[in-house]
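In: A structural model of the following input is requested.
(one chain, ligands or ions: 1)
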Amino acid sequence: MTFDALIARGQRIEPRDDMPEGYRKTLVRQIAQHAHSEIIGMQPEGEWITRAPSLRRKAILFAKVQDEAGHGLYLYSAAETLGVDRAELTELLLQGRQKYSSIFNYPTLSFADVGVIGWFVDGAAICNQVPLCRSSYGPYARAMVRICKEESFHQRQGYELLLRMMSGTEAQRADVQDAVDRWWWPSLMMFGPPDDDSPNTAQSMAWGIKRHSNDELRQRFVDMTVPQAEKLGVTLPDPELRWNEERGHHDFGRPDFDELKRVISGDGPCNEQRMARRRQAHEDGAWVRAAAAAHAAKHRAQQGRSQQHRWQQDGSQEEQG
Ligand code: BYC
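Out: Okay, the predicted model is just below:
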């Protein structure tokens, strides 16, 4: 079946199928950006592992940050089915030719930020990524299924941490509110530019890569989060936020999309720091990559030798027979 017929029937495109070059390139762009976001996204929370207030919180945070590394790896693997190489994608990120999510360019100033990232950032990720489980490209959609299950745990651990902090001291409650105030608008920006300024959405939706527009998902996130904020006892920092009976949705203020553009183009509060850390980690890991490659080469050579040995034995048995 042709690519267009598969898309029209809502069937998956697999790596063996013919696909338009634009489709392949769009997927590589989005999946690589997603993978880079998971890896760079380890930094803001990772900074708190050594400062977690208890062994339990440390273990939870460790597991979460480790999951994010895993997500990055599934996604790089999905991208590799499109004929690119993880090393090449990493190089493009380090050269500033590929992006990662704007949200990870904001600082984590207190432990409450760990909770708010789980609640908002992983919550936003769930809204954005659950529909991607139905994305038209098979390897991406399948990677998303497991990622979403883990994001769900991430969101709950964040919310549970905040519930505990809100039943703590006055200072803890103030830390939570402060973190909510700082992360709310950047979290809304995670969904990307508004639909009328989103150059990729129409084509990505026609190809079934994206299932909903940026604004639709932003609205879904706001509707999901408002009752959670009420239960938690925090105020979302938006004076325009109110329920609209007619629309059956919350109205909310416009995020500062100029700020989003600035952050995406490298001028956010932590862009330099995040990229410097990523570059350093890549350099520090060079010996691991070299060792893994040497091990794989040794393994291949050993397999080749034992195969040759088996052939020789088979040959001499035939001669004897
Ligand atoms: N940040 O035409 P548009 C996580 C770019 S990590 C940076 O709407 P598209 C987690 C966009 O790439 C989850 N750049 O684009 C990890 C495009 O530029 P290029 C990260 C952004 O692709 C650790 C241009 O702006 N999630 O959950 O149709 C701890 C125009 O935009 C952003 C994903 O990656 C942004 N926020 O839609 C905790 C989800 N927004 O590439 C949690 C997968 C837009 O043309 N990605 N841009 O130069 C997507 O769903 C889509 O790519 C987006 C953008 C909705 C993000």
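In: I'd like to know which elements the top helix by length along the chain is packed against.
Out: Assignment by DSSP state H gives helix 286-320 as the longest helix of the chain. The helices and strands touching helix 286-320, judged by 3 or more C-beta pairs under 8 Å, 6 or more residues apart in numbering; DSSP states H and E, number zero. Placement of C-beta: from N, CA and C, glycine included.
In: and Ser37, what does it touch?
Out: Under the criterion of C-beta atoms under 8 Å, 6 or more residues apart in numbering, the contact list for Ser37 reads 100-101, 103-104.
In: What segments of the stretch 1-150 of the chain are helices?
Out: Secondary structure of the stretch 1-150 of the chain (DSSP state H, counting those that start in this stretch): helices located at 3-8, 21-40, 42-46, 55-80, 86-94, 112-116, 122-129, 138-166.
In: Pipe those into JSON lines and attach distance to Pro193 and mean pLDDT per row.
Out: Converted to JSON lines, the helices of the stretch 1-150 of the chain look like this (distance: least, C-beta to C-beta, whole Å; pLDDT from 0 to 100):
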{"stretch": "helix 3-8", "distance to Pro193": "25", "mean pLDDT": "95"}
{"stretch": "helix 21-40", "distance to Pro193": "14", "mean pLDDT": "98"}
{"stretch": "helix 42-46", "distance to Pro193": "22", "mean pLDDT": "98"}
{"stretch": "helix 55-80", "distance to Pro193": "22", "mean pLDDT": "97"}
{"stretch": "helix 86-94", "distance to Pro193": "21", "mean pLDDT": "97"}
{"stretch": "helix 112-116", "distance to Pro193": "23", "mean pLDDT": "98"}
{"stretch": "helix 122-129", "distance to Pro193": "14", "mean pLDDT": "96"}
{"stretch": "helix 138-166", "distance to Pro193": "22", "mean pLDDT": "96"}
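In: how about the nearest residue to the residue in the stretch 201-321 of the chain that the ligand sits nearest to, chain neighbours excluded?
Out: Closest to the ligand within the stretch 201-321 of the chain is Ile264: 4.4 Å, counting by C-beta to the nearest ligand atom. In space, and not counting its chain neighbours, Ile264 is closest to Ser102: 5.4 Å by C-beta to C-beta, 6 or more residues apart in numbering.
In: list the contacts for that neighbour?
Out: Residues in contact with Ser102 (C-beta under 8 Å, 6+ apart) are 186, 189-190, 260, 263-264, 268.
In: where does the residue of the stretch 201-321 of the chain closest to the ligand land on pLDDT?
Out: pLDDT, Ile264: 97.
In: again with Gln312
Out: At Gln312, the pLDDT recorded in the model is 83.
In: got the residues of the stretch 201-321 of the chain near the ligand?
Out: Counting by C-beta under 6 Å from any ligand atom, the residues of the stretch 201-321 of the chain close to the ligand are 201, 204, 210, 214, 264.
In: In this structure, what residue lies closest to the ligand?
Out: Closest residue of the chain to the ligand, C-beta to the nearest ligand atom: Gly41 (2.5 Å).
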